[in-house]
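Peer 1: Predicted model follows, preceded by the sequence.
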Amino acid sequence: MQLREMSEQCGQCGFSNARIDTEAWGQFSSRRIMCPICGWTVYEEHRWDGDLQILTKRTEARGFGAYRVVPPGAYTGYNAFHAEPSKEVLDEIMALLTTKGWKGYLTLWDVRQNTSRLLLGHPLGKFSSGTTNQA
Ligand SMILES: [Zn+2]
């Protein structure tokens, strides 16, 4: 798969590498586009009629931030907030990343400034399982 098919520009913050995950089953396929910076997410489903792609469903969710928390020796993907996260949730993620040895990052969408704020780590850090790669 081409790299340009794997990412797309974010419709909320303009980040140029929103991540795309695709799935296909029979004559159907789906695409989930998520921005790792602000959490903006689009979900699409398509039906294929030969080479013709027909959009059958599309939802778009505003992002309120994004995070990734990777336990030692394991792998997890990116997650997005689609509502303002509670303080408890933020505290929990911060604790994992600062005191429990998990790797990852946390961003929050600043509604007033209309921009994303990086609270911890870096969204584009590489986290391999079982190694000590620097983020
Ligand atoms: Zn974005």
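Peer 2: Alright, I've got the coordinates. Numbering: from 1, shown residues only.

Peer 1: Need the single longest helix in this protein, by residues.
Peer 2: In the chain, taking DSSP state H as the definition, the longest helix is helix 87-98.

Peer 1: quick one, what contacts the closest residue to residue 80 other than its chain neighbours?
Peer 2: Spatial nearest neighbour of residue 80, excluding adjacent residues (CB to CB, 6 or more residues apart in numbering): residue 39 at 3.4 Å. Any C-beta I mention is one placed from the backbone N, CA and C, and that applies to glycine too. By CB atoms under 8 Å, 6 or more residues apart in numbering, the contact set of residue 39 is 62-66, 80-82, 107, 109.

Peer 1: Quick check: residue 39 vs residue 66, distance?
Peer 2: Per CB to CB, to the nearest Å, residue 39 is found 4 Å from residue 66.

Peer 1: Repeat that for residue 38.
Peer 2: In terms of CB to CB, residue 38 sits 7 Å off from residue 66.

Peer 1: Same question for residue 41.
Peer 2: For residue 41, the distance to residue 66 - CB to CB - is 9 Å.

Peer 1: mind giving me CSV with the contacts of residue 39 and columns for pLDDT, neighbour count and secondary structure?
Peer 2: Formatted as CSV, the contacts of residue 39 follow (pLDDT from 0 to 100; neighbours: other CB atoms under 10 Å; DSSP: H, G, I helix; E, B strand; the rest coil):
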residue, pLDDT, neighbour count, secondary structure
62, 97, 16, coil
63, 98, 25, coil
64, 98, 20, coil
65, 97, 25, strand
66, 97, 25, strand
80, 97, 20, strand
81, 97, 22, coil
82, 97, 13, coil
107, 96, 27, strand
109, 96, 25, strand
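
Peer 1: what's the closest of these to residue 92?
Peer 2: residue 81 (12.9 Å; CB to CB).

Peer 1: That closest one contacts residue 41, doesn't it?
Peer 2: No - taking contacts as CB atoms under 8 Å, residue 81 lies outside contact range of residue 41: 9.9 Å.
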